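Q: Return a 3D structure for these sequence lines:
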Amino acid sequence: RCLSDWSSDVCSSDLQHEGKKLLGEEAGPLMSTTVPETGSRPGTFHSFASAGAARRRPAAFSGPPLGSMRLFLLQSIQGCILAVLCAIGLTAASGILELGEFVYSASLLLAAVTVWNFYSWWLAGRSWFEPYLIFLTAATLFNGGQGLLEVFQLNSQGILLGRIAPEITVRALYLVTLGLASMHLGALTALPRTTPRALGASRTGRLDNQRLEATRHVGWGLIGLSIVPFAMVFGDTVTTALAQGYGGLFGRSTEGLVGSPIIVSANFMVPGVLFLLAGSRGKKFPSLAAILFIALYSAILLAVGSRAPAAMALIAFAWLYDRAVFPLSRAMMLASAILLLCAFSFIAAVRETPGFWQEPGQLSGQALAHLNNPLVAAISEMGGSIATVVHTIQLVPSVRPFDLGASYAYALSTAVPNVGFQVHPAIAHGLLAD
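A: Take a look at the predicted model:
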């Protein structure tokens, strides 16, 4: 029989300690049953939030308990899948196959690997809602979205509007499939044999409360440091987007931009709110403040067309709330994700229009009239990123030599804030497309 913490299962075989310790401090890291020292009464917000930490996750959303043999078997299967994909690639490279005839087959292969990636993660005893699975979803949609739509014949004009030669399309789909399978093998290999402790769990209630309080203090500190710069940067972004459209945020002269130190300081605002949320279990005001800020921040970003920052803030907030405060309904999150994807298509259709906010009704009607299936349109748009794979196949090394890691080094340099430079070295270096 297995016990459960927040989002993963702990087998009783992992709890084989001396009987006198099992119900004492040794059980603390796994199942914190200490009531917070806030003096909350049954039925209050404090007791409701504290009870959430011990609430069992529905079985449909967490896989079976993970054992060493099960994990080894999953890793072996993933390794075999990767070996088969390599064999397919070597066979195709030999010239035996006419690649142009296998667009649909390559799409089916991508879909099969995608289904297995998600199913094997569930078999590994993991939750449907955690950082890696969110990343895997994004990687799959952005690289293979159009391939998945092709399986259901939802690309009205074919992958990348049929502008690419079929043999190049097949090679691109194959590389995407190979990359996703390789990444997932790494994820399965990196899985720990033991279950991680629930966020915020500690050996004693006092230590738990001290950590939560310290986390809140960090959050308030970051918010206090960044609130004025954030208001300046955010106000400049909103004003520009409303007046010039989303495209007006790009290509502006450096004279019209807010200074780099101010931008760096403003970037601490969202992390500060997340720290505040992480320490808000059992505290009503901090969690409500975090909810209101993220809701307003994301809504305004979506209104001006900045979809990616809004989505990242919402996803990070939802995961942290689910993990640290109270479990969220998986059905509600799935419905919210679908609605957000549908909204992405609508936003893309209107965000380039300057002054959209002045005539929202008319422009919204025009945009909706041209959207047959918003969800398919959103996945197709994200899946258009496979064009980067296509262009790489076409241009390297025939037109441009192999980069040999230089672009990765410049990308790594972006970890250093743009302080003291008029233009960050990574930006000055340019893009591979330049």
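
Q: What ranges does the stretch 301-434 of the chain have for its helices?
A: Chain-ordered helices for the stretch 301-434 of the chain, with DSSP state H, counting those that start in this stretch as the definition, fall at 307-324, 330-350, 360-369, 374-383, 386-395, 406-412, 425-429.

Q: Please identify the buried residues of stretch 416-428?
A: In terms of neighbour count (16 or more other CB atoms under 10 Å), stretch 416-428 has its buried residues at N418, H424, A426. Glycine gets a C-beta too; all of them are placed from N, C-alpha and C.

Q: Let me see the confidence value for the second one.
A: Per-residue confidence at H424 stands at 86 (pLDDT).

Q: got the contact list for it?
A: Counting by CB atoms under 8 Å, 6 or more residues apart in numbering, H424 touches S413, T414, N418.

Q: T177: which of these is nearest?
A: Ranking the contacts of H424 by separation from T177, with CB to CB as the measure, puts T414 on top at 29.0 Å.

Q: just checking, that closest one touches A426?
A: Yes - contact criterion CB atoms under 8 Å: T414 and A426 qualify, at 5.0 Å.

Q: Phi first, then psi, for F102.
A: Taking degrees, to the nearest 10, you get phi -120, psi 30 for the backbone angles of F102.

Q: residues in contact with it?
A: Neighbour list for F102: V170 [criterion: CB under 8 Å, 6+ apart].

Q: Same check on R351?
A: R351 is in contact with A241, G245, Y246, V304, G305, counting by CB under 8 Å, 6+ apart.

Q: Out of these, flag the one nearest to Y132.
A: Relative to Y132, and with distances defined as CB to CB, the nearest of the contacts of R351 is G305, at 28.9 Å.

Q: how far away is that closest one from T240?
A: In this structure, G305 lies at 11 Å from T240, with CB to CB, to the nearest Å as the measure.

Q: what do you get for H217?
A: Relative to T240, H217 is positioned 35 Å away (criterion: CB to CB).

Q: what about those two, which has more around it?
A: More crowded of H217 and T240, by other CB atoms under 10 Å: T240, with 19 against 13.

Q: give me the element the more buried one is part of.
A: When secondary structure is defined using DSSP states H and E, the element that contains T240 is helix 205-244.

Q: What are the buried residues along that helix?
A: For helix 205-244, using 16+ other CB under 10 Å, the buried residues are 208-209, 212, 215-216, 218-220, 222-223, 226, 229-230, 232-234, 236-238, 240-242.

Q: ok, now stretch 125-140?
A: Neighbour counts using 16+ other CB under 10 Å place G125, R126, S127, W128, F129, L133, I134, L136, T137, A139, T140 of stretch 125-140 among the buried residues.

Q: The fourth one and T140: what is the separation?
A: Going back to what we said before, that points to W128. When distances are taken as CB to CB, W128 and T140 turn out to be 14 Å apart.

Q: now do L412
A: As defined by CB to CB, L412 lies at a distance of 25 Å from T140.

Q: now for the one helix or strand A87 maps to, which elements pack on it?
A: Assigned by DSSP H and E, A87 belongs to helix 68-93. On a contact count with 3 or more CB pairs under 8 Å, 6 or more residues apart in numbering; DSSP states H and E, helix 68-93 meets helix 103-123, helix 166-190.

Q: Can I get those helices in TSV including mean neighbour count and distance to A318?
A: Putting the helices and strands packed on helix 68-93 into TSV (neighbours: other CB atoms under 10 Å; distance: least, CB to CB, whole Å) gives the following:
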stretch	mean neighbour count	distance to A318
helix 103-123	18	19
helix 166-190	20	21
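
Q: Let me see the mean pLDDT of stretch 94-104.
A: Mean predicted lDDT for stretch 94-104 stands at 91.

Q: Same question for stretch 239-258.
A: Mean predicted confidence for stretch 239-258 is 74.

Q: And stretch 125-132, by the same measure?
A: The predicted model assigns stretch 125-132 a mean pLDDT of 88.

Q: Repeat that for stretch 293-313.
A: pLDDT averaged over stretch 293-313 gives 93.

Q: end-to-end on stretch 82-101?
A: One end of stretch 82-101 sits 23 Å from the other (CA to CA, to the nearest Å).

Q: buried stuff in it?
A: Applying a neighbour-count criterion of 16+ other CB under 10 Å, the buried positions in stretch 82-101 are L82, L85, I88, A92, L99.

Q: Which residue comes closest to the last one once chain neighbours are left out?
A: Read it as L99. Among residues not flanking L99 along the chain, E167 sits closest, at 4.0 Å (CB to CB, 6 or more residues apart in numbering).

Q: now F230: how far from S260?
A: Taking CB to CB as the criterion, F230 is separated from S260 by 15 Å.

Q: got it, and L339?
A: Distance of L339 to S260, given as CB to CB: 36 Å.

Q: and those two? which has more neighbours close in?
A: S260 (16 against 12).

Q: That one: what's its closest spatial neighbour, skipping adjacent residues?
A: Distance criterion CB to CB, 6+ apart; nearest residue to S260, sequence neighbours excluded, is N418 at 4.9 Å.

Q: repeat for A214
A: If you skip the residues right next to it in sequence, A214 has G279 as its closest partner in space, 7.3 Å away by CB to CB, 6+ apart.

Q: what's the distance between that neighbour and E381?
A: Counting by CB to CB, the gap from G279 to E381 is 37 Å.

Q: Over to A310?
A: Spatial separation of A310 from E381 under the definition CB to CB is 16 Å.

Q: repeat for S107
A: The value you get for S107 to E381, if CB to CB is used, is 18 Å.

Q: same check, this time on P397
A: 30 Å.

Q: next one: S127
A: According to CB to CB, S127 stands 28 Å off from E381.

Q: same thing with A138?
A: Distance from A138 to E381, counting by CB to CB: 13 Å.

Q: just F102 next, same as before
A: For F102, the distance to E381 - CB to CB - is 25 Å.

Q: and what of A318?
A: Distance, A318 to E381, by CB to CB: 22 Å.

Q: and G282, how many neighbours?
A: By other CB under 10 Å, the burial measure for G282, its neighbour count, is 26.

Q: quick one: it from L191, how far?
A: 31 Å.

Q: again, but for L85
A: The gap separating L85 from L191 is 21 Å, by CB to CB.

Q: Count residues in the vicinity of T388, would you?
A: By the measure other CB under 10 Å, the count of residues near T388 is 14.

Q: what's the answer for V396, then?
A: Neighbours of V396 using other CB under 10 Å come to 13.

Q: per-residue confidence for it?
A: Note on V396: pLDDT of 87.

Q: Give the closest residue to it in space, chain neighbours not counted.
A: Distances taken as CB to CB, 6+ apart place F402 nearest to V396, at 6.2 Å, with adjacent residues excluded.
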